[in-house]
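Undergrad: generate a structure from the sequence data that follows.
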Amino acid sequence: MSQVVVRNLEDGVKAGLKKRASLHGWSMEEEARQILRKAVLGDSSAPLGSRIAAHFAGCGLVEDLPESHGQVVAGMDFNP
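TA: Now for the predicted structure:
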């Protein structure tokens, strides 16, 4: 692993970095690593729907489900 030194960092940037690190519960150094990693590698967290679809891909559903816009759904009757 290598090291990077950042000189002439504005006080406001340093304070913001310290605040973000505190919110995440880790050090300023780790916060800087996270920010740099995300900036260089991109945000790999896909939207929730895409992650769910990827998780269940290949589980047997071979066609899209029909849309249910405008359909009335009856509620459950829990009385015996």
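Undergrad: for the chain, what spans make up the strands?
TA: With DSSP state E as the criterion, the chain has no strands.
Undergrad: how many neighbours does residue 49 have?
TA: Other residues near residue 49 come to 8 when the count uses other CB atoms under 10 Å. The way it works is simple: take the backbone N, C-alpha and C, and place the C-beta from them, glycine included.
Undergrad: now the terminal residues of stretch 31-51, how far apart.
TA: 25 Å (CA to CA, to the nearest Å).
Undergrad: chain center to that stretch, what's the gap?
TA: Relative to its chain's centre, stretch 31-51 lies at 7 Å (CA atoms, centre = their mean, to the nearest Å).
Undergrad: and for stretch 54-68?
TA: Using CA atoms, centre = their mean, the offset of stretch 54-68 from its chain centre is 23 Å.
Undergrad: look up the closest residue to the residue most central in space within the chain, ignoring the ones flanking it.
TA: For the chain, residue 45 is the residue whose C-alpha lies nearest the centre (CA atoms, centre = their mean; 4.7 Å). Distance criterion CB to CB, 6 or more residues apart in numbering; nearest residue to residue 45, sequence neighbours excluded, is residue 51 at 7.9 Å.
Undergrad: before we move on, what about residue 24?
TA: Once flanking residues are discounted, residue 24 sits nearest to residue 31: 6.3 Å by CB to CB, 6+ apart.
Undergrad: wait, doesn't that neighbour sit right on residue 25?
TA: No - using CB atoms under 8 Å, residue 31 is not in contact with residue 25; the gap is 10.0 Å.
Undergrad: who has more neighbours out of the two?
TA: In terms of neighbours (other CB under 10 Å), residue 31 is the more surrounded of residue 31 and residue 25; the figures are 19 against 7.
Undergrad: check contacts around that one.
TA: Counting by CB atoms under 8 Å, 6 or more residues apart in numbering, residue 31 makes contact with 17, 20-21, 24.
Undergrad: 6 Å instead?
TA: By CB atoms under 6 Å, 6 or more residues apart in numbering, the contact list for residue 31 reads 17, 20-21.
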